[in-house]
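A.B. asks: The amino acid sequence is not available; the structure is as follows:
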């Protein structure tokens, strides 16, 4: 019997996290004073008009979604990588948790630091990111703690209310080109 040239040898491993990568989403939410928070995240998937967001429970985004229940999922194109990198070490939490202080610093106006533009949403108060070619306004439907509540991870289920797409990514009137 001939073996396929495409067979690879596999090894059993114990990775620290089971993460295989998804596109970066810049999520906007509202702080308690109704100013916007902007944060990059990479654990999101959608089925129909529902999206599930994997979030750490200690972050400002989770706090905002729990308290005010709305957000915008802004899908960054590859040319926005510098803005995403400028956001990566920032937090919207004024009191940065001690275990994060060596990697994160508090910034109130993350739109300015990232060089991005806040754009009003149509159905919710949280703003969109004008430079992102795809934006989805959403409201929180439920929050599920992953593992034990003290593990610090949650799956936030949101309902998409409104989709905005730049003209250059729309195909056949209502389809989005996934190559953004």
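C.D. replies: Sure thing, it's come through. Source: prediction; values computed, not measured. Residues are numbered from 1 along each chain as shown.

A.B. asks: And the longest helix anywhere in the chain, what's buried?
C.D. replies: The longest helix of the chain (DSSP state H) is helix 60-68. Neighbour counts over helix 60-68 (16 or more other CB atoms under 10 Å) mark 60-65, 68 as buried. For glycine as for every other residue, the C-beta is placed from the backbone atoms N, C-alpha and C.

A.B. asks: ok, the residues you listed vs residue 106, which is closest?
C.D. replies: Closest approach to residue 106 among the buried residues of helix 60-68 (CB to CB): residue 60, at 9.2 Å.

A.B. asks: In this structure that closest one contacts residue 96, no?
C.D. replies: No. Counting by CB atoms under 8 Å, residue 60 sits too far from residue 96 to count as a contact (10.1 Å).

A.B. asks: quick one on the thing from earlier: does anything pack onto the next helix or strand after the longest helix of the chain? Which helices or strands?
C.D. replies: Sequence-wise, the next helix or strand downstream of helix 60-68 (DSSP states H and E) is strand 70-75. Packing contacts for strand 70-75, counted by 3 or more CB pairs under 8 Å, 6 or more residues apart in numbering; DSSP states H and E, involve strand 25-30, helix 60-68, strand 128-129, strand 134-145, strand 153-165.

A.B. asks: Let me know the average pLDDT across the helix or strand that strand 70-75 is followed by.
C.D. replies: Counting by DSSP H and E, the next helix or strand C-terminal to strand 70-75 is helix 81-87. Averaged across helix 81-87, pLDDT comes to 96.

A.B. asks: begin at 12 from here
C.D. replies: Fine by me, first position is 12 from now on; the one you just mentioned is helix 92-98.
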